[in-house]
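Engineer: my questions are about this predicted structure, shown below with the sequence.
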Amino acid sequence: MKVTVVGAGNVGATCANVIAHKELANEVVLVDIKEGFAEGKALDIWETSPINLYDTRTIGSTNDYTKTANSDVVVITSGLPRKPGMSRDDLISTNAGIVKSVTENIIKHSPNSKIIIVSNPLDVMTYVAYLTAKVDSSRVFGMAGILDTARYRSFLAEALDVSPKDIQAVLMGGHGDTMVPLPRYTTVGGIPVTELIDSEKLDAIVERTKKGGGELVNLMGTSAWYAPGAAAAQMVEAIVRDQKRVFPVCAWLQGEYGMKDIYLGVPVVLGKNGIEKIIELDLNDDEKALLKESAAAVKSVMDVFDNMNIV
Ligand SMILES: NC(=O)C1=CN([C@@H]2O[C@H](COP(=O)(O)OP(=O)(O)OC[C@H]3O[C@@H](n4cnc5c(N)ncnc54)[C@H](O)[C@@H]3O)[C@@H](O)[C@H]2O)C=CC1
Ligand SMILES: O=C([O-])CC(=O)C(=O)O
């Protein structure tokens with residue numbers, strides 16, 4: 001297995017490090033536009049192999065996509081992160097062009113790859129990659145839901161003083177402040193979470209989750225990378241090991257949940273073919289209304305992109 005990670009910055013390097021550490025591929029190629037940067041990160045990661053005891057080779061490349069040829073999976077993290085005071089959507093003007101040109105290079109050299117988008121604004125950057133790649137939507141999808149549910153699960157674990165391993169949850173919608181955590185589909189060791197926590201505390205955790213990215217931007221002056229990098233690597237693992245994991249993933253909807261021609265976070269089955277199935281949950285009226293609101297927010301940014309006329 002060969003995996004390419006484009007963007008050797010905070011998220012990309014973290015993702016490559018997790019992939020190597022877990023031996024998810026024989027080879028990980030890191031690509032960056034900054035001269036020598038990806039080579040340096042790849043070498044630094046490789047030098048952990050005798051300590052962390054793995055064989056995965058990590059190779060760096062300054063924008064030379066021939067080194068990425070025939071990758072099975074590609075993770076795109078290239079682009080600007082936001083700073084305090086910005087929304088993810090403010091990144092569209094710079095990141096759309098970056099994601100477009102990177103996707104062109106990727107498809108040229110790895111026409112059969114599965115492509116995971118991480119760059120923000122996530123749902124719209126996944127749309128940009130899909131329009132550019134011109135391959136089946138089962139092979140182009142975005143990472144957000146694993147990260148957002150991980151935040152939600154970690155907050156719940158802390159509040160309930162239980163292991164985060166025992167908290168299962170699903171979350172839908174766009175990767176922004178309108179995302180839709182679903183307490184009705186959240187369990188703790190099989191027990192509905194609503195039986196273990198009062199509604200006021202649960203509401204506060206849902207609100208903190210929605211703004212989880214911004215909380216870290218305000219603390220660090222740039223956005224998060226450990227959990228995002230690990231989340232993207234978990235998607236790579238599901239694909240290269242054909243695990244058929246059930247994850248919330250940003251997927252192209254064609255009628256599911258009554259929506260068409262939009263990328264939005266939904267539960268899917270992820271395996272060697274990419275998105276192998278979109279799972280349709282039975283949402284109640286409140287949940288449907290929240291999902292609709294989130295879809296409208298994503299659609300308005302998709303419209304901004306369409307009006308840029310760059311794909
Ligand atoms: N989907 C999600 O849940 C998350 C998304 N993000 C997004 O991921 C992106 C990356 O974030 P960080 O790694 O923190 O940023 P970073 O600034 O640390 O790294 C980005 C890297 O992309 C490189 N780059 C820029 N243009 C390029 C091009 N044309 N080709 C190759 N490389 C290029 C830069 O040189 C830089 O090294 C941001 O857009 C951020 O908003 C970050 C966290 C979570
Ligand atoms: O908040 C950001 O800008 C980065 C991101 O998507 C996240 O950490 O959820």
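Structural biologist: Structure's in. What do you need? Everything quoted here is computed from the prediction, not taken from an experiment. Ligands and ions are numbered 1, 2, ... in the order given.
Engineer: what residues does the protein put near ligand 1?
Structural biologist: Residues of the chain lying near ligand 1 by C-beta under 6 Å from any ligand atom: 6-12, 31-34, 37, 77-82, 91, 95, 98, 101-102, 118-120, 122, 143-144, 147, 175, 222-225, 228. (Each C-beta comes from the backbone N, C-alpha and C, glycine too.)
Engineer: okay, and which of these map to helices?
Structural biologist: Among these, the members found in helices (DSSP state H) are 10-12, 37, 95, 98, 101-102, 122, 147, 228.
Engineer: mind giving me the PyMOL command for buried ones among those?
Structural biologist: In PyMOL, this line selects whichever of those come out buried by 16 or more other C-beta atoms under 10 Å:
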select buried, resi 10+11+12+37+95+98+102+122+147+228
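Engineer: now the ones in helices among the residues of the chain next to ligand 1 as TSV including pLDDT?
Structural biologist: Listed next are these as TSV, based on pLDDT from 0 to 100:
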residue	pLDDT
10	98
11	99
12	99
37	98
95	98
98	98
101	98
102	98
122	98
147	98
228	99
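Engineer: now do the same contact list for whichever residue of the stretch 51-200 of the chain sits closest to ligand 2.
Structural biologist: Closest residue of the stretch 51-200 of the chain to ligand 2, C-beta to the nearest ligand atom: residue 82 (4.3 Å). By C-beta atoms under 8 Å, 6 or more residues apart in numbering, residue 82 lies in contact with 88, 90-91, 120, 217, 222-223.
Engineer: any of those buried? List them.
Structural biologist: 88, 91, 120, 217, 223.
Engineer: which one of those is nearest to residue 159?
Structural biologist: residue 217 (22.7 Å; C-beta to C-beta).
Engineer: report how many residues lie close to residue 4.
Structural biologist: 30 (other C-beta atoms under 10 Å).
Engineer: how about the strands in the stretch 101-250 of the chain?
Structural biologist: For the stretch 101-250 of the chain, the strands defined by DSSP state E, counting those that start in this stretch occupy 114-117, 140-142, 167-168, 171-172, 180-181, 187-188, 191-192, 245-254.
Engineer: so can I have TSV of those strands showing mean neighbour count?
Structural biologist: Putting the strands of the stretch 101-250 of the chain into TSV (neighbours: other C-beta atoms under 10 Å) gives the following:
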stretch	mean neighbour count
strand 114-117	28
strand 140-142	29
strand 167-168	18
strand 171-172	26
strand 180-181	26
strand 187-188	18
strand 191-192	12
strand 245-254	21
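Engineer: longest helix of the protein, counting residues only.
Structural biologist: Assigned via DSSP H, the chain shows its longest helix as helix 285-308.
Engineer: buried ones in that one?
Structural biologist: Here helix 285-308 shows 287, 290-292, 294-295, 297-299, 301-302, 305 as buried, counting by 16+ other C-beta under 10 Å.
Engineer: next one: stretch 198-212
Structural biologist: 202, 205-206, 209-210, 212.
Engineer: closest to residue 53 among the residues you listed?
Structural biologist: For these, the nearest to residue 53 is residue 212 (32.8 Å; C-beta to C-beta).
Engineer: not including adjacent chain positions, what is the nearest residue to residue 167?
Structural biologist: Distance criterion C-beta to C-beta, 6 or more residues apart in numbering; nearest residue to residue 167, sequence neighbours excluded, is residue 153 at 4.2 Å.
Engineer: which residues touch the one you found?
Structural biologist: 164, 167-169.
Engineer: cool, and residue 185?
Structural biologist: So residue 185 contacts 169-170, 281 (C-beta under 8 Å, 6+ apart).
Engineer: which of those residues are buried?
Structural biologist: 169-170.
Engineer: taking the contacts of residue 185 one by one, which sit in helices?
Structural biologist: Among the contacts of residue 185, no member falls in helices (DSSP H).
Engineer: got the residues of the chain near ligand 2?
Structural biologist: Checking the chain against ligand 2 by C-beta under 6 Å from any ligand atom, the hits are 81-82, 88, 120, 147, 175, 213-214, 216-217, 223-224, 228.
Engineer: farthest pair within these?
Structural biologist: Among these, 82 and 147 lie farthest apart (C-beta to C-beta), at 14.8 Å.
Engineer: correct me, but residue 222 touches residue 86?
Structural biologist: No. Look at residue 222 against residue 86 with C-beta atoms under 8 Å: they stay out of range, at 10.5 Å.
Engineer: ok, back up a step: would JSON lines of the strands of the stretch 101-250 of the chain with distance to residue 232 and mean pLDDT be doable?
Structural biologist: Rendered in JSON lines, the data for those read as follows (distance: least, C-beta to C-beta, whole Å; pLDDT from 0 to 100):
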{"stretch": "strand 114-117", "distance to residue 232": "6", "mean pLDDT": "99"}
{"stretch": "strand 140-142", "distance to residue 232": "10", "mean pLDDT": "99"}
{"stretch": "strand 167-168", "distance to residue 232": "20", "mean pLDDT": "98"}
{"stretch": "strand 171-172", "distance to residue 232": "16", "mean pLDDT": "98"}
{"stretch": "strand 180-181", "distance to residue 232": "20", "mean pLDDT": "96"}
{"stretch": "strand 187-188", "distance to residue 232": "25", "mean pLDDT": "98"}
{"stretch": "strand 191-192", "distance to residue 232": "30", "mean pLDDT": "98"}
{"stretch": "strand 245-254", "distance to residue 232": "11", "mean pLDDT": "98"}
